[in-house]
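**Q** okay, sequence plus prediction incoming.
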Amino acid sequence: MGGGFFPVRRVYCVGRNYVDHIREMKEADERDPPFFFQKPRDAVVADGALVPYPPLTSDFQFEVELVIAIGRGGRDIAVANAHDHIWGYAVGIDLTRRDRQRDVRDLRLPWEVGKSFDASAPCGAIAPAREARHFRNCAITLSVNGTERQRGDIGQMIWNVPEVIAQLSKQVALGAGDLIYTGTPAGVGPVVPGDLITAHIDGLPSLTIAITPSEA
């Protein structure tokens with residue numbers, strides 16, 4: 001990814017990890033434990049990607065997120081040891097067919113139709129952990145056509161980076177090459193073809209994608 005090739009194994013995403021986003025979506029309890037869903041690994045696209053407006057939606061939305069890149073796998077990883085498993089960090093965008101997500105949520109069905117589709121996981125260049133601090137408190141923002149739409153702080157995460165790794169590793173054996181998208185702050189919203197999206201986290205390379213018309 002970006003400055004070096006990172007062979008992606010699996011892509012995991014944390015649902016509802018910022019209180020203000022839970023409140024804006026009017027769903028769940030702020031004290032609920034984290035839950036996870038997956039995206040296909042070929043849904044990952046790099047900085048500068050052209051992302052076609054996807055089918056089956058009229059409400060295509062952005063969610064800026066800190067991404068953890070796992071360098072060493074494990075199961076039942078302790079919170080105190082979680083940083084030893086991190087290869088690096090990136091800024092990512094969890095692209096979402098919001099109308100489809102709401103449909104399946106109301107039917108108590110899995111989220112995949114709203115979350116797991118082509119080009120739905122843009123990811124910027126990964127900064128190796130040895131070159132970047134372990135992220136605890138720093139700004140996370142997203143702009144559309146130069147207008148800021150999301151602004152939060154990594155310190156607002158309900159479950160921090162080590163806790164996310166520990167919780168996920170209770171469910172599955174993590175492996176080198178896994179990416180974990182850690183949730184989004186408030187301010188999510190729709191985009192249309194022609195929009196330019198720029199996501200940024202202090203201390204990491206920025207991520208810019210362009211939304212293009214639907215593919216024939």
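**A** Thanks, I have it. Residues are numbered from 1 along each chain as shown.

**Q** go ahead and confirm Pro205 touches Gly92.
**A** No. Assessed by C-beta atoms under 8 Å, Pro205 is found out of contact with Gly92, at 11.5 Å. No exception for glycine: its C-beta is placed from N, CA and C like everyone else's.

**Q** what sits in contact with each of those two?
**A** Overlap of the contact sets of Pro205 and Gly92 (by C-beta atoms under 8 Å, 6 or more residues apart in numbering) consists of Gly124.

**Q** okay, those two: which has more neighbours?
**A** Neighbours per residue, other C-beta atoms under 10 Å: of Pro205 and Gly92, the larger number sits with Gly92, 28 against 18.

**Q** which parts of the protein are helices?
**A** Secondary structure of the chain (DSSP state H): helices located at 19-25, 98-106, 112-115, 161-171.

**Q** Pro7 contacts Gly177, correct?
**A** Yes. Counting by C-beta under 8 Å, Gly177 is a contact partner of Pro7 at 5.0 Å.

**Q** tell me how far the residue positioned nearest the centre of the chain lies from Asp118.
**A** Geometric centre of the chain, nearest residue: Tyr181, 3.4 Å, by C-alpha atoms, centre = their mean. Computed with C-beta to C-beta, to the nearest Å, the distance linking Tyr181 and Asp118 is 16 Å.

**Q** ok, now Arg41?
**A** Noted for Arg41: a distance of 12 Å to Asp118, by C-beta to C-beta.

**Q** who is the nearest residue to Gly92 once chain neighbours are set aside paired with across the strands?
**A** Spatial nearest neighbour of Gly92, excluding adjacent residues (C-beta to C-beta, 6 or more residues apart in numbering): Val67 at 4.0 Å. In this entry, Val67 is beta-bridged to Ala90, Tyr181, by DSSP bridges.

**Q** Val67 contacts Thr182, correct?
**A** Yes. Between Val67 and Thr182 there is a contact at 7.1 Å, judged by C-beta under 8 Å.

**Q** isn't Ala78 right next to Gln167, touching?
**A** No. Using C-beta under 8 Å, Ala78 is not in contact with Gln167, being 11.5 Å away.

**Q** more crowded one of these two?
**A** Between Ala78 and Gln167, counted using other C-beta under 10 Å, the more crowded position is Gln167 (18 against 12).

**Q** show me what contacts that one?
**A** Applying C-beta under 8 Å, 6+ apart, the residues near Gln167 are 33-34, 159.

**Q** what's the ChimeraX line that selects buried ones from these?
**A** Restricted to buried positions by 16 or more other C-beta atoms under 10 Å, the ChimeraX selection for the contacts of Gln167 reads:
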select :34,159
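
**Q** looking at the contacts of Gln167, which gets the smallest pLDDT?
**A** Lowest in pLDDT among the contacts of Gln167 is Pro33, which has 77.

**Q** please tell me how far that one sits from Ala166.
**A** Pro33 is 12 Å from Ala166, by C-beta to C-beta.

**Q** likewise for Gln101?
**A** 27 Å.
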